[in-house]
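**Student:** okay, predicted coordinates and the sequence, questions at the end:
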Amino acid sequence: MVSNSILITGASSGIGAALARVYAGQGRRLFLWGRDNARLETVAAACRARGAYVETRCFDIVDFSALIQELDGLDSKNPLDLVFFNAGLGGSLPQDRAGQDPHTAEKMAGVNFTAPAIGANLMAERMAKRGAGQIVLVGSVAASFPLPMAPLYSGSKAGLAMFAEALGLRLKRHGVFVTLVSPGFIDTPMSQSLTEPRPFLITADHAAAIIARKVARHARRVVIPWQFAMILAVSKCVPRVVMRAVLAAF
Ligand SMILES: NC(=O)c1ccc[n+]([C@@H]2O[C@H](COP(=O)([O-])OP(=O)(O)OC[C@H]3O[C@@H](n4cnc5c(N)ncnc54)[C@H](OP(=O)(O)O)[C@@H]3O)[C@@H](O)[C@H]2O)c1
């Protein structure tokens, strides 16, 4: 199936902006969501220059009523073939803190888990009725490790990973595909804010090209770059007690 009508959340920056540019072309209808209007319009202009029809919306995705209203309204007017729930909020714990402050905790859990879960459930119902569609959830390799420097980030992405797998199984019988994307380090503002090293770093454009190719094949899981797929495979052979002992040092 050719995906003509595509929604990308978090399209004003990084991976989302790169995905928008990859999908932009004649006959494509792109719906780009973000918060920063100026950056989102710059991305939209680049996509229009490639021939795509583009609409943008700026709102905070943790305003869940707005999210439901926007998604319902958009899909009623333009039935979506492909939806990327990509918006995400990174952040390690400051050295001098044992836990995130409640406001940051609420926001991070909301952006990384609750918003995509609400949105994907809503799209699951709509796409299942049409018997077609694809939902892409952007998680992280951090979902596979209990990271003491970022418990909420790794925890929220772990929840998303399990949700993606379960939803994929549920939607198979309805002809709807679910893809979980698990990036390692991608060179975007999110990873640029890290103080730690970023091994196997790739650009957002490179990441988006790989994601689009695998999404077209309805891949269930996309781990990028490939070195992290190897690391995840090897880590499954490491006893949990060893992994915990290593991570406890951080
Ligand atoms: N970069 C990496 O190394 C890496 C690694 C693993 C996973 N990921 C995942 O990849 C996805 C994209 O991240 P990125 O690296 O491209 O990060 P980014 O450059 O920081 O972009 C994040 C995007 O999410 C949007 N967003 C954040 N909070 C939002 C909110 N409350 N409401 C609406 N939109 C919101 C931002 O919108 P505004 O900028 O307009 O506010 C922006 O468009 C995320 O889910 C992230 O967790 C990235």
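**Tutor:** Arrived safely, thanks for sending. Predicted model, so just to flag it, every value in this text is computed and none were measured.

**Student:** and the longest strand along the chain, what's its mean pLDDT?
**Tutor:** Assignment by DSSP state E gives strand 176-183 as the longest strand of the chain. The pLDDT scores in strand 176-183 average 98.

**Student:** how about stretch 31-43?
**Tutor:** 98.

**Student:** what lies in contact with it?
**Tutor:** Residues outside stretch 31-43 that contact it (CB atoms under 8 Å, 6 or more residues apart in numbering) are 5-13, 16-17, 20-21, 44, 47, 54-61, 70, 74, 78, 80, 87. In short, each C-beta sits where N, CA and C put it, glycine included.

**Student:** drop anything exposed from those.
**Tutor:** Buried subset of those (neighbour count, 16 or more other CB atoms under 10 Å): 5-13, 16-17, 20-21, 44, 47, 54, 56-57, 61, 70, 74, 78, 80, 87.

**Student:** distance between the longest strand of the chain and the chain's centre?
**Tutor:** For strand 176-183, the separation from the chain centroid amounts to 9 Å (computed by CA atoms, centre = their mean, to the nearest Å).

**Student:** ok, residues contacting that strand?
**Tutor:** Contact with strand 176-183 is made by 15, 120, 124, 127-128, 131-141, 143-144, 160-161, 164-165, 167-168, 171, 207, 211, 214-215, 218-224, 228, 232, as judged by CB under 8 Å, 6+ apart.

**Student:** average pLDDT for the following helix or strand past that strand, rounded please.
**Tutor:** As assigned by DSSP states H and E, the chain's next helix or strand after strand 176-183 is strand 186-187. Averaged across strand 186-187, pLDDT comes to 98.

**Student:** strand 186-187 pairs with which strands, and in what direction?
**Tutor:** Sheet pairing of strand 186-187 (DSSP bridges) gives strand 202-203 (parallel).

**Student:** got the contact list for the partner strand?
**Tutor:** Contacts for strand 202-203 (CB under 8 Å, 6+ apart): 18, 185-187, 224-225.

**Student:** residues touching the residue nearest in space to the middle of the chain, list them.
**Tutor:** By CA atoms, centre = their mean, the chain has its centre lying nearest to residue 138, at 2.2 Å. Counting by CB under 8 Å, 6+ apart, residue 138 makes contact with 10, 15, 84-86, 88, 181, 183.

**Student:** mind picking the two most distant members of these?
**Tutor:** 85 and 183 (13.8 Å; CB to CB).

**Student:** tell me the phi and psi of residue 34?
**Tutor:** Per-residue torsions, residue 34: phi -170, psi -160 (degrees, to the nearest 10).

**Student:** how would you label the nearest residue to it once chain neighbours are set aside: helix, strand or coil?
**Tutor:** With sequence-adjacent residues excluded and distances taken as CB to CB, 6 or more residues apart in numbering, residue 34 is closest to residue 12, at 3.0 Å. Assigned state for residue 12: coil (three-state reduction, DSSP: H, G, I helix; E, B strand; the rest coil).
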